[in-house]
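J.: got a sequence here, can you model it:
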Amino acid sequence: MSLPLGLALLAMALPAATPAVQPVAVSFDADNGSVPPPYRRSTSIEIAADGSGRLLRLLGYDRQDPTQRFEYAFALSEAQQQAFARRLEELGLWTTRWRERERVPVGGPFVHLSFRRGDEKVVLPAYPVQRQEAAVETLRSEVRALVPEAANAARQAWEQGRGEPE
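T.: The predicted model follows:
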């Protein structure tokens, strides 16, 4: 067998390399609505395009009070970033025309979620139209799943150590 033919056969037998996709930055902010300070809970997940991330959990409204604030830094691997970017494409993030309901609730829980890929930015509606509700919830879940289990466990232990509000 000739060398070029052998190389061609070898190339066909090897799995094709998946082309790299542009990394995505994420901003996720959620809260449980307008409630008295002891009951207020908010969560922020920020992930930069380089994979560096931060989970922030806040009890109450004072973002500066270190006793009411839990923060955990983490980093996504290149493989995690690529898999996430591909998953967003599969879910149609960049091609869907996202729509907000005409009538949205006043007060109550709120989730703001945005994605940035280069100069392109997509902001999901906090209260999507009914036919997009499942897709928006899936995207929210995909972002929450990026937070390492160690961060979630540390946050949970911190909150349990704080006790219930009176």
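J.: then residue 79 would be within a strand, right?
T.: No: going by DSSP: H, G, I helix; E, B strand; the rest coil, the assignment for residue 79 is helix, not a strand.
J.: name the helix or strand for the residue nearest in space to the middle of the chain, please.
T.: With distances taken as Cα atoms, centre = their mean, residue 143 lies nearest the centre of the chain, 2.2 Å away. Under the criterion of DSSP states H and E, residue 143 resides in helix 133-144.
J.: and the helix or strand immediately after that helix in the chain, what's its mean pLDDT?
T.: Where DSSP H and E defines the elements, the next helix or strand beyond helix 133-144 is helix 149-162. Summarised as a single mean, pLDDT over helix 149-162 is 95.
J.: kindly report the same for stretch 121-131.
T.: On average, stretch 121-131 scores 97.
J.: for the remainder of this discussion, apply numbering that starts at 25.
T.: Done: numbering now begins at 25, and the last item shifts to stretch 145-155.
J.: could I get the full set of strands for the chain?
T.: 49-55, 65-71, 76-83, 93-99, 134-141, 144-148 (DSSP state E).
J.: show me the one of these that comes nearest residue 120.
T.: Closest to residue 120 of these is strand 144-148 (Cβ to Cβ; 8.3 Å). Every C-beta, even on glycine, is put in place using the N, C-alpha and C of the backbone.
J.: just the C-alpha atoms of the closest one, please, in CSV.
T.: Provided in CSV are the C-alpha atoms of strand 144-148 (Å, rounded to 0.1, in the frame of the first residue of the first chain):
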residue,chain,number,x,y,z
GLU,A,144,-23.4,39.5,19.7
LYS,A,145,-25.6,39.7,22.7
VAL,A,146,-28.9,37.9,23.6
VAL,A,147,-31.0,38.8,26.5
LEU,A,148,-33.7,36.2,27.5
